[in-house]
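>>> Sequence first, then the predicted structure:
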Amino acid sequence: MTATTAADRSVAERLTVPSDVRVSTIKGGRFVRDRIATIAMIAAFVAAAIPLVFVIGNVVARGASVVTPSFLTSDIPTTASASELKGDCELRQRYDPTAVCEEAAAPAVKPGMGPAVIGTLITTAVAALLAIPLGILAAIYLHEYGKRTRLARFIRFMSDVMTGVPSIVMGIFIYTLWVLQLGAGRSALAASLALACLMLPIVVRSSEEMLRLVPNTLREASAGLGARTWKTTLRVVLPAALPGLVSGSMLAVARAAGETAPVLFTIGAATTVARATTLTGQSTTLSFQIYNLITNGGKLSPQMAWGAALTLIAIVLILTTIARTVSQRFTMR
Amino acid sequence: MDDEENPVHIEAATAANPATGEEVAAGPIIFDVEDLSVLYSGFRAVKDVGLQVVRNEITAFIGPSGCGKTTVLRCFNRMNDLVEGAVVEGALRFHGVDLYDKEVNPVEVRRRIGMVFQKPNPFPKSIFENVAYGPKLAGIKKKAELEEIVEKALRGAAIWDEVKDRLHKSGLGLSGGQQQRLCIARALAVNPEVILMDEPCSALDPIATGRIEDLMEEIKQDYTIIIVTHNMQQAARVSDRCAFFTTEVSEVSDTRTGVLVEYDLTEKMFSNPSDVRTENYVTGRFG
């Protein structure tokens, strides 16, 4: 039993290294593999960053010259030229049968995206007000109360399904139910409802993940001091999960702000800031205008579309930054 | 802490030792445990535990890992209610009232019986807010009153001098030992009758452990303490009474169940235990 076989000896020899740590015992192949892996990872990162940099660079390069204070506040031009106006109006009528094609109105002095900026802010804000509280409450039910009960599992499954539903389906849903069936007509509110439907499952699922990250020891500590579940949730779990909840909600807001499909049949049209500043009346959004400008090419249109795109990116960036800053102020680490 | 507030309080000058039948001199009994079993999803984790906890004493639960010490401890403030699939059988009477009676609200139980956990778990809030959390739940809102309670609790947990200048900084910025004393202060702030400690020193160095042990000795005049510990020296140093648990392997199903082997005065448990399994454990021959 004490005799070592040749195989044993060779294993022992291979594991024996000189005591001098300056002597390299690592085989050349490992260096090569290490280098290949490093290069592959850097290449993957660069490849992933190229589209991002290209998109942002392109939008800034083409849109920056267009975005001026007046661009952000002026009405959408309805009279670029007689023929353009006619084309514009006919197209608009496709989406908004109530639109009246005025003849020979005075040309707009400074064309802008004011109504779309206002419309985007209003619809996104209302959608967020509808979807975020409801979504976070649903997540609280799922993780703090429902856990693995049948109802909780059903809701979880349905929100997963809803996350995968194409956004245009949300638009059709609100269009048939709210606009047609209930006869509420097209409005900023209808668009907000469609966007809220889109946001809700994102908020529910991301919020539940964030609640899951709060250590159970904190819940036990709170319960141990005689707190009921709702007190524990309100005073301990939600504050601890706040930054994550904000991030998840902002992701949903960014998604909603940029969506075109749910807005397409639900919002109607508006070309003046005065008309677009409404909840129950028809309005418009930046994403809708980008779509409109590109598909309905007038001379000014592509350039204005770039401007609208840059404005949209800036709005999402600003909202996210504000939300992050506010949530950090309320977080104790 | 007034006796007259507890009409169902049992006056017991002596208590029969459940394991030996011997009579031991004792103060009033605060907990009376009888045939206590805990099941997790049908699996029996601990069975047939019977013991009596005496007021203003430190009772230690010792035994090897997995013997159910913590499980039993978590029955004393109904913490097992938070575990899915946990079922508690038998009786656990606190001042004569079964804690698992239908009329008993677990939230009320936990207001009277505080807990300190194995890992320090301060809330991600300021030191002040950590300690004020319990009193605020109990409805105390005035700042002056809260300040008084917080200072008293922090002094009680022997951490006031270390944190008095940073009360509004995060509790997570403290060292592990300080965090654990903060958690003790947090438990003291609601003025419980009993404090349950689940291996409170297992994550701490010997100096921090020594501080906590001194602290336990100091506060036992006002509180009844039950402590779970892996450390036999600690049990011998701090406890008045000691319960030794071990695991029994079932011959039929090959499942392990925790059982109470012996419960007696700590002095007797460590010098002259009546069960050979206790003797093997405390002398280091097992576990």
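Great, that's in hand. Numbers count the residues shown, from 1 in each chain, chains lettered A, B, ... in the order given.
>>> Contact distance from chain A - what residues of chain B qualify?
When proximity is defined as CB under 8 Å from any CB of the partner chain, chain B approaches chain A at B:77, B:79, B:82, B:84, B:107-108, B:110-111, B:114-115, B:117, B:119, B:121-126, B:133-134, B:137-138, B:170, B:172, B:183, B:186-187, B:190. C-beta: built from backbone N, CA, C; applies to glycine.
>>> Show me those that map onto strands.
B:G114, B:M115 (DSSP state E).
>>> Please, a PyMOL command that selects the buried ones among the residues of chain B next to chain A?
Buried residues among the residues of chain B next to chain A (16 or more other CB atoms under 10 Å in any protein chain shown), as a PyMOL selection:
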select buried, chain B and resi 77+79+107+110+111+114+115+117+121+122+123+124+125+126+133+134+137+170+172+183+186+187+190
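>>> what's around whatever residue of the stretch 101-250 of chain A ends up closest to chain B, how many residues?
Closest contact between the stretch 101-250 of chain A and chain B, by CB to the nearest CB, is at A:G226 (3.5 Å). Close neighbours of A:G226, defined as other CB atoms under 10 Å in any protein chain shown, add up to 23.
>>> what's the answer for A:T176, then?
12.
>>> check contacts around it.
Residues counted as contacts of A:T176 (CB atoms under 8 Å, 6 or more residues apart in numbering or on different chains): none.
>>> Let me know the secondary structure of it.
Following DSSP: H, G, I helix; E, B strand; the rest coil, the label given to A:T176 is helix.
>>> Distance-wise, check it relative to A:Q93.
Remark: distance between A:T176 and A:Q93 (CB to CB, to the nearest Å) = 21 Å.
>>> Spell out which residues of the stretch 51-200 of chain A are next to chain B.
Counting by CB under 8 Å from any CB, the stretch 51-200 of chain A comes close to chain B at A:K147, A:R148.
>>> Please name the spatially closest residue to the closest residue to chain A within the stretch 51-200 of chain B (chain neighbours excluded).
With CB to the nearest CB, the shortest gap between the stretch 51-200 of chain B and chain A falls at B:R111, namely 3.5 Å. Distance criterion CB to CB, 6 or more residues apart in numbering or on different chains; nearest residue to B:R111, sequence neighbours excluded, is A:G226 at 3.5 Å.
>>> so the one you found sits in a helix?
No: counting by three-state DSSP, A:G226 is located in no helix; its state is coil.
>>> right, and it touches B:L137 too?
Yes: look at A:G226 against B:L137 with CB atoms under 8 Å: they come within range, at 6.0 Å.
>>> all helices of the stretch 1-150 of chain B, in order?
If DSSP state H, counting those that start in this stretch is used as the criterion, the helices of the stretch 1-150 of chain B fall at B:69-73, B:106-112, B:127-137, B:143-156.
>>> My error: substitute the stretch 151-300 of chain A in the last question.
Ranges of helices in the stretch 151-300 of chain A, per DSSP H, counting those that start in this stretch, are A:167-174, A:188-212, A:216-224, A:229-232, A:238-258, A:261-264, A:273-276, A:286-295.
>>> Using TSV, lay out those helices together with mean pLDDT and mean neighbour count.
Putting the helices of the stretch 151-300 of chain A into TSV (pLDDT from 0 to 100; neighbours: other CB atoms under 10 Å in any protein chain shown) gives the following:
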stretch	mean pLDDT	mean neighbour count
helix A:167-174	93	20
helix A:188-212	94	25
helix A:216-224	93	20
helix A:229-232	93	16
helix A:238-258	91	21
helix A:261-264	91	26
helix A:273-276	84	19
helix A:286-295	87	22
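>>> Ok, which of these comes nearest A:T38?
Nearest to A:T38, of all the helices of the stretch 151-300 of chain A, is helix A:238-258, at 30.1 Å by CB to CB.
>>> if I pick the residue of the stretch 51-200 of chain B closest to chain A, what's in contact with it?
Shown in contact with B:R111 (CB under 8 Å, 6+ apart): A:L225, A:G226, B:A138, B:V190, B:P192.
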